[in-house]
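> next come a sequence and a model predicted from it.
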Amino acid sequence: MPIDYAAAILGRLPTGKRSTGLPKLISKLEAYLPPEEVESIVTAFDFAHEAHKGQQRQTGEAYITHPVAVAALLADLQLDPQTIKAALLHDVIEDTPAAKEEIAARFGAEVAQIVDGVSKLDKLTFRSQEEAQAASFRKMILAMVEDIRVILVKLADRCHNMETLDVLSPAKRRRIAKETLEIYAPIANRLGINSIRLELQDQGFRHLHPNRYRVIERALKKAKGNQKQFMKRILQNLERSLAEQGIEAKVMGREKHLYSIYRKMRLKNRHLNEIVDMFGFRIIVDKVDTCYRALGVVHSLHKPMPGRFKDYIAIPRINGYQSLHTTLFGPSSMPIEVQIRTKDMDRVAESGIAAHWQYKQGESGQPAPHTRAREWLTNLKEMQDGANSEEFLESVKVDLFPDKVYVFTPKGEILRLPRGSTCVDFAYAVHTAVGDRCVAAKINRRLVPLRTQLRNGETIEIITAKGGKPNPSWVNFVASAKARTAIRHFLKKMQQHEAIGLGKRMLEISLRDYKLSIRKVGISKIKLLAEELGLHGPEELYTQLGLGERMAPLVARRLLPDDEMEPLPNSEPLAITGTEGMVVTYAKCCSPIPGDTIMGYLSTGRGIVIHRDDCGNLVEYRKQPERWISVNWKPRIERDFNVEIRVEVVNRVGVLAAVAATISDCNSNIESVSIDERDGNTSTLNFQIQVKNRAHLARVLRSTRKMNDVYRVARKTA
Ligand code: MN
């Protein structure tokens, strides 16, 4: 690799591009990527540079400085070239017209996916104050990403934005700082990306509590000055003692982080000086057993404080962190905190899950994003073996491979639903009454069908109507148990309500055969009979009649004052109004419509099924005459009925459309159509259409028959 490769690239750069932070980024990339990768990253830079031309950050800098800074943060973690390119391009979809397709065409689908994922996350903002909501929001974010690299870019993006937050209004700064502390820092922590987590926390703290931040910062600075000489001496002592024992080690003073000092003060109720007056060192060695040898050296140099030694190598922290921690009595009894770990452990401690996307030379065939996330989880699991953190790991797993969707209510509350949930599931999750009455839904302010499946991060609004009620077909597409149960419950209640009405009418008709009525018989007598039959009351009796579980003539007979009464001839038929609901259904075999001569069959539990008098299926049913009731149509029925017609046509392009148009012109809806090809010349079209009655059907048949390409038209015979 040419040593001055950066210079070679930079030599070609116009001066305008040098002030973008690119030279620094290139030197970071050069440290771990081969030249051809660096060069291809520069083409991504060029694209972003062009796309953001003329745009400025609120700080007044050229916009391109931001994506370059984000890419540099990720280059510090030595992430793969795709991630770096995505970082450079991460604001391109949002802020400029350059589309996802163009990025895919130039830089590959993987980069485009990451950029697209980041843009989607950018549209979410968190506003709630509640802890539980924050937890849901974090899960929503993780559920939205298909590829963890989206999170890596987003976290780096937030990191850099936090550095330049000062230009915003105090209120806006506080909101973003809070979001950073409550949402993004915990996500970084959960994924073990410590370097970014610490930065997010310190910046979040600085903007949320500027005064407290300054106090701690000042105290820390002062302490640092005071401790400088001591630090140097301890460090040299440690280095010398380790070397004497033949241990190759890198010893360094450890930066203290302001937010963690603040947290210690609050959680452990300790005084600022107590925390600040402390030396911190880190010792990095090559192998695990060297860690323990180094610990021995350290302990012989200074007396260890009892109870402060922690072996996170044997029992790693839940996010994979491994290290030995010990605290020693230092000069003038100031404590010395020491961390000892291997290079590998240090890498994991810094980057966590990101370590699985670090560039490795000579690696070919990238494993799928999910495979890498699983790799990380498996690693954690192996390390945690024996420790009782199974539950926590399970919850990380659920976050990374979720079977739930997270969506917003219009008020910004987050609801968690099973994957595959629809607007109807959402409505029932809000409240059963909302579900029962929902008639329409909006996703992100756009009207959508109720059956639309929800996706993470969407805002759902349900429109209800006073008379709205569940549609039985909803049961077929809802995904949540709550919605399914509620719909079934409602339908059952509705059916019962309708059954009472129908049962009552049937009993009236049967009583009329004896010149009686419910009123004449008297409610007390009906109550008595219900009791005799072991029922709760008249309503249950009516329900049973309506559902066909009991025969009205038999019940009527038991209500007569005198058992010997003979029924009058010409029993009056039950008039079908078309509004009976679920307790009166129309047989699919013969599709009766108003005007047809019909018969009613009492089907146990389902109520009355109406057939045409000439329906072929009646032969079988006729064996049970007691289940037959005579019915007729009430005049002026206003609803539509399904009926099937067969149209034989010449096989010609456009004939189906022409017939369909003719049917529509007769004000008839087409529900479905199927085609039977007879031979090369003719076909039969089977239309399922909706009509008001026989006269309406006749009009449809007549109009269709008149068409040129139509041979024959007929209603389907049962
Ligand atoms: Mn950005």
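That came through fine. Numbers count the residues shown, from 1 in each chain.
> what helix or strand is the residue nearest to Leu447 when sequence neighbours are not counted on?
Nearest non-adjacent residue to Leu447, counting by CB to CB, 6 or more residues apart in numbering: Ala440, 6.3 Å away. (C-beta placed from N, C-alpha, C; glycine too.) Here Ala440 is covered by strand 438-443, with elements defined by DSSP states H and E.
> which strands or helices does that strand pack on?
Contact analysis of strand 438-443 by 3 or more CB pairs under 8 Å, 6 or more residues apart in numbering; DSSP states H and E lists helix 423-430, strand 446-448, strand 460-464 as its packing neighbours.
> give me the beta-bridge partners of the most centrally placed residue in the chain?
Centre of the chain computed as the mean C-alpha position; nearest residue by CA atoms, centre = their mean is Val405, 2.1 Å away. Listed by DSSP bridges, the beta-bridge partners for Val405 are Leu417.
> just checking, it touches Ile460?
No: contact criterion CB atoms under 8 Å: Val405 and Ile460 do not qualify, at 10.4 Å.
> can you list residues touching both of these two?
Where contact means CB atoms under 8 Å, 6 or more residues apart in numbering, the residues bridging Val405 and Ile460 through contact with each are Leu454.
> which of the three states applies to whichever residue of the stretch 601-718 of the chain sits closest to the ion?
Minimum separation of the stretch 601-718 of the chain from the ion (CB to the ion) falls at Ser672, amounting to 50.3 Å. The three-state label given to Ser672 by DSSP: H, G, I helix; E, B strand; the rest coil is strand.
> for it, give me its contacts.
Phe687, Gln688.
> let's see it at 6 Å
Under the criterion of CB atoms under 6 Å, 6 or more residues apart in numbering, the contact list for Ser672 reads Gln688.
> circling back to that earlier point, count residues in the vicinity of the residue nearest to Leu447, would you?
15 (other CB atoms under 10 Å).
> ditto for Arg374
Taking other CB under 10 Å as the criterion, the count of residues near Arg374 is 16.
> with Lys493 instead?
Other residues near Lys493 come to 11 when the count uses other CB under 10 Å.
> pull out the buried residues from whichever strand or helix holds it.
Taking DSSP H and E as the definition, Lys493 sits inside helix 481-512. When neighbours are counted by 16 or more other CB atoms under 10 Å, the buried residues of helix 481-512 are found to be 483-484, 486-487, 490-491, 494-496, 498-511.
> check stretch 285-301 too.
Using 16+ other CB under 10 Å as the burial criterion, the residues of stretch 285-301 that qualify are Val285, Thr290, Cys291, Arg293, Ala294, Leu295, Val297, Val298, Leu301.
> repeat that for stretch 254-267.
Of the residues in stretch 254-267, those scored as buried under the neighbour-count criterion (16+ other CB under 10 Å) are Lys256, His257, Leu258, Tyr259, Ile261, Tyr262, Met265.
> again with stretch 639-647
By neighbour count with 16+ other CB under 10 Å, stretch 639-647 contains the buried residues Asp640, Phe641, Asn642, Val643, Glu644, Ile645, Val647.
> same question, stretch 267-287
Of all the residues in stretch 267-287, those buried under the rule 16+ other CB under 10 Å are Leu272, Ile275, Val276, Asp277, Met278, Phe279, Gly280, Phe281, Arg282, Ile283, Ile284, Val285.
> pick the one among the residues you listed closest to the ion.
Using CB to the ion, those come closest to the ion at Arg282, 31.7 Å.
> quick one: residues in contact with the helix or strand that contains the closest one.
Counting by DSSP H and E, the secondary-structure element that holds Arg282 is strand 279-285. Counting by CB under 6 Å, 6+ apart, strand 279-285 makes contact with 249-252, 254, 291, 294, 330, 336-340, 342-343, 346, all of which sit outside it.
> how close does the closest residue to the ion within the stretch 51-200 of the chain get to Gly600?
Minimum separation of the stretch 51-200 of the chain from the ion (CB to the ion) falls at Asp157, amounting to 4.2 Å. The span separating Asp157 from Gly600 equals 69 Å under the rule CB to CB, to the nearest Å.
> any weak-confidence spans in the protein?
Within the chain, the stretches with pLDDT under 70 are 1-18, 94-98, 128-129, 361-373, 377, 379-400, 563-565, 567-571, 718.
> for the ion, what are the nearby residues on it?
Taking CB under 5 Å from the ion as the criterion, the neighbours of the ion within the chain are Asp91, Asp157.
> quick check: can you list the domain ranges of the chain?
Per the record's domain assignment (automatic domain parsing), the chain is made up of the domains 3-213, 217-355, 370-481, 489-633, 641-715.
> out of the ones you listed, deepest packed?
Most buried of the domains of the chain, by mean neighbour count (mean count of other CB atoms under 10 Å): domain 3-213, with a mean of 19.
> just to revisit the earlier point, and the buried residues of stretch 285-301, which is closest to His611?
Minimum distance to His611 across these is 85.4 Å, recorded for Cys291 (CB to CB).
> that closest one: which element?
Once you assign secondary structure using DSSP H and E, Cys291 falls within helix 288-301.
> can you show me the CA trace of stretch 107-118 as CSV?
As requested, the backbone C-alpha atoms of stretch 107-118 are provided in CSV (Å, rounded to 0.1, in the frame of the first residue of the first chain):
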residue,chain,number,x,y,z
PHE,A,107,-23.3,1.6,-4.4
GLY,A,108,-25.3,-1.7,-4.2
ALA,A,109,-28.5,-2.8,-2.6
GLU,A,110,-26.9,-3.3,0.8
VAL,A,111,-25.8,0.3,1.1
ALA,A,112,-29.2,1.5,-0.2
GLN,A,113,-31.0,-0.6,2.4
ILE,A,114,-29.0,0.9,5.3
VAL,A,115,-29.5,4.5,4.0
ASP,A,116,-33.2,3.8,3.6
GLY,A,117,-33.4,2.4,7.1
VAL,A,118,-31.7,5.4,8.7
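> pick out the residue of the stretch 401-550 of the chain closest to the ion.
At 17.6 Å from the ion, Gly457 is the closest residue in the stretch 401-550 of the chain, using CB to the ion.
> contact partners of stretch 241-254?
Outside of stretch 241-254, the residues within contact range by CB under 6 Å, 6+ apart are 231, 235, 238-239, 280-285, 290, 293-294, 297, 301.
> the same query, at a cut-off of 7 Å, please.
By CB atoms under 7 Å, 6 or more residues apart in numbering, the surrounding residues in contact with stretch 241-254 are 231, 235, 238-239, 280-286, 290, 293-294, 297, 301.
> quick one on the thing from earlier: show residues contacting the strand holding Ala440.
Contacting residues not belonging to strand 438-443 are listed as 423-424, 427, 447-448, 450, 452, 458, 460-465, 468 [CB under 7 Å, 6+ apart].
> now do the same contact list for the residue of the stretch 51-200 of the chain closest to the ion.
Asp157 sits in contact with Val70, His90, Val118, where contact means CB under 7 Å, 6+ apart.
> spatially nearest residue to the last one, not counting backbone neighbours?
The reference is to Val118. If you skip the residues right next to it in sequence, Val118 has His90 as its closest partner in space, 4.7 Å away by CB to CB, 6+ apart.
> who are the contact partners of that neighbour?
Residues Pro67, Val70, Val115, Val118, Val153, Asp157 are the ones in contact with His90 under the rule CB under 7 Å, 6+ apart.
> doesn't Ala156 make contact with the second one?
Yes: proximity of Val70 to Ala156 meets the contact threshold set by CB atoms under 7 Å, at 4.7 Å.
> intersection of neighbour lists for the two?
Residues within reach of Val70 and of Ala156 at once, by CB under 7 Å, 6+ apart, are Ala87.
> that older thread, tell me the bridge partners for the residue of the stretch 601-718 of the chain closest to the ion.
Legend: beta-bridge partners of Ser672 under DSSP bridges are Gln688.
> which element is Glu644 on?
Here Glu644 is assigned to strand 641-650, by DSSP H and E.
> need the contact partners of that strand.
Strand 641-650 is touched from outside by 586, 591, 593-594, 655, 659, 671, 681-691, 697, 701, 704, 709-716, with contacts defined as CB under 7 Å, 6+ apart.
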